[in-house]
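> Fold the stuff below for me.
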Amino acid sequence: MWSPWALLPPVYSVLTAAGLWAVYFLAVNEEKIAPLGSTYRRSNGSLYPPYISIAGNFAPASCIFSEVMNLAAFVGFAIAALRFLQLRHRTDQRWLNVGSLAAFSVGCFGMTLVGNFQLFNEEPMHNFGTFLTFGLGTLFCWVQSYVTLRVNLRNEGRKAAVLRFLLSGSITLCMILYFSLMAQRLHVPAAQCQWALVMFFLAFLATFAIEFRHCRFQVVCTEGLSDASRYQPDGL
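Alright, predicted model coming up:
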C-alpha cells in the first residue's frame, strides 16, 4: 500500500522553491537586484547581485522571505524527525541517526536566523545562520546518503543512495564554487551557484518520498498520559 506521507517531502520542496523564486522575481521587479542571467555591474549604484539573502533583504520581498524560511525550517525539522523514527530500529549505527537529526535540527534553526535577520541589518547573525544552514545541511545530506546505502530499505536503498550521493556531491560542488567565485568578486556566477545549491538541497529532501511511501506515522493519545508518537512500517 502507498502511504500519503510520501507526499510530504516533494510538496515541501516544491512549495519552498516556489516561495524563494517568488522572492527573487519580486526583488527583480522592484529593481533591487540584477537578474540571474544578466551581466552584473554596480557602477550606477542601482542594483545588487542576485544572491538569495539580498533578494530577501528589502520589503516587501523580505516579508515573504521570512515566512518561507520559518515554514521551511518547521516542516524540514518534521521531515528529519520522521526520517529518524523510520530508521530508529533499522540501523546498527544509531549514533549516525541521532547525529543526523541533531545536525539538521540546528540547521533548521539556522534557517530561521537567515529569514528573520536580514543581511544588511544584522550581517553577523545572518551569516551565522547561513553557515548553520548550508554547513550542517550538507553534512546531513552526506550522512543520510551513507545511511540509505547501509540500511537498504526494501532493497531500494542502493538505488536511492546513488541518487542521494550524486545530489550530495552536487551540493558540495556548488558550495565550493560559490565561495571561490565570491572571492573573485564574480557575483552573478556565485549567485547562480547559490541558487543551484538550494535547489539541489530541496531535491535531496524530496527523495525521502521513496521511503516514506512505505511507512505510516501515527500519533496515539492515551487518557491521563502525554501524547506519544508511534511509527509503523507497512505490513510489519
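
> For the rest of this, base every contact and every neighbour count on C-alpha atoms.
Will do.

> Give me the residues contacting stretch 153-171.
With C-alpha atoms under 8 Å, 6 or more residues apart in numbering as the test, stretch 153-171 has contacts from 138, 141-142, 144-146, 148-152, 196-198, 200-201, 203-204, 207, 210-211.

> try it again with 6 Å
By C-alpha atoms under 6 Å, 6 or more residues apart in numbering, the residues outside stretch 153-171 that reach it are 141-142, 145, 148-149, 197.

> Among those, list the two that are farthest apart in space.
L149 and L197 (22.8 Å; C-alpha to C-alpha).

> L186: which of the contacts of stretch 153-171 is nearest?
For the contacts of stretch 153-171, the nearest to L186 is L197 (16.6 Å; C-alpha to C-alpha).

> since we're on that closest one, how many residues are nearby?
The burial count assigned to L197 is 24, neighbours taken as other C-alpha atoms under 10 Å.

> Quick check: which ranges of this protein have low pLDDT?
Counting by pLDDT under 70, the chain contains low-confidence ranges at 1, 39-46, 217-236.

> again, 90 this time
For the chain, the stretches with pLDDT under 90 are 1-6, 30-32, 34-48, 58-60, 85-96, 120-121, 149-159, 185-187, 211-236.

> For it, which segments count as helices?
8-29, 52-55, 61-87, 94-116, 123-131, 137-151, 157-183, 187-206, 209-212 (DSSP state H).

> Which one, of these, ends up nearest to S38?
Between the helices of the chain, helix 187-206 lies closest to S38; by C-alpha to C-alpha that is 7.5 Å.

> And for the spatially closest residue to S66 that is not a sequence neighbour, the neighbour number?
In space, and not counting its chain neighbours, S66 is closest to G115: 4.3 Å by C-alpha to C-alpha, 6 or more residues apart in numbering. By other C-alpha under 10 Å, 27 other residues sit near G115.

> likewise R154?
Neighbour tally, R154, other C-alpha under 10 Å: 9.

> For T148, see how far away it is.
11 Å (C-alpha to C-alpha, to the nearest Å).

> cool, S13 as well?
From S13 across to T148, the span is 20 Å (C-alpha to C-alpha).

> One more: I64?
Where T148 is concerned, I64 sits at a distance of 34 Å (C-alpha to C-alpha).

> Looking at the two, which is more packed in?
Neighbour count, other C-alpha under 10 Å: between I64 and T148, T148 has more, with 23 against 18.

> any idea how far that one lies from L139?
14 Å.

> G169 too?
11 Å.

> now R150
17 Å.

> neighbour count winner among the two?
L139 (19 against 16).

> contacting residues for the more buried one?
So L139 contacts nothing (C-alpha under 6 Å, 6+ apart).

> rewinding a little: export the helices of the chain as CSV, with columns for distance to W2.
Formatted as CSV, the helices of the chain follow (distance: least, C-alpha to C-alpha, whole Å):
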stretch, distance to W2
helix 8-29, 13
helix 52-55, 36
helix 61-87, 16
helix 94-116, 25
helix 123-131, 36
helix 137-151, 20
helix 157-183, 17
helix 187-206, 16
helix 209-212, 9
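
> Between these, which one is closest to P35.
If we rank the helices of the chain by C-alpha to C-alpha, the stretch that ends up nearest is helix 8-29, at 6.3 Å.

> In that closest one, which residues have enough neighbours to count as buried?
Residues of helix 8-29 classed as buried: 8-10, 12-13, 16-17, 19-24, 26-28 (neighbour count, 16 or more other C-alpha atoms under 10 Å).

> from the residues you listed, which is closest to I79?
For these, the residue nearest I79 by C-alpha to C-alpha is P9; the value is 7.0 Å.

> check contacts around the nearest residue to the closest one once chain neighbours are set aside.
For P9, ignoring the flanking residues on the chain, the nearest one in space by C-alpha to C-alpha, 6+ apart is A206 at 4.5 Å. Applying C-alpha under 6 Å, 6+ apart, we find A206 in contact with 9-10, 13.
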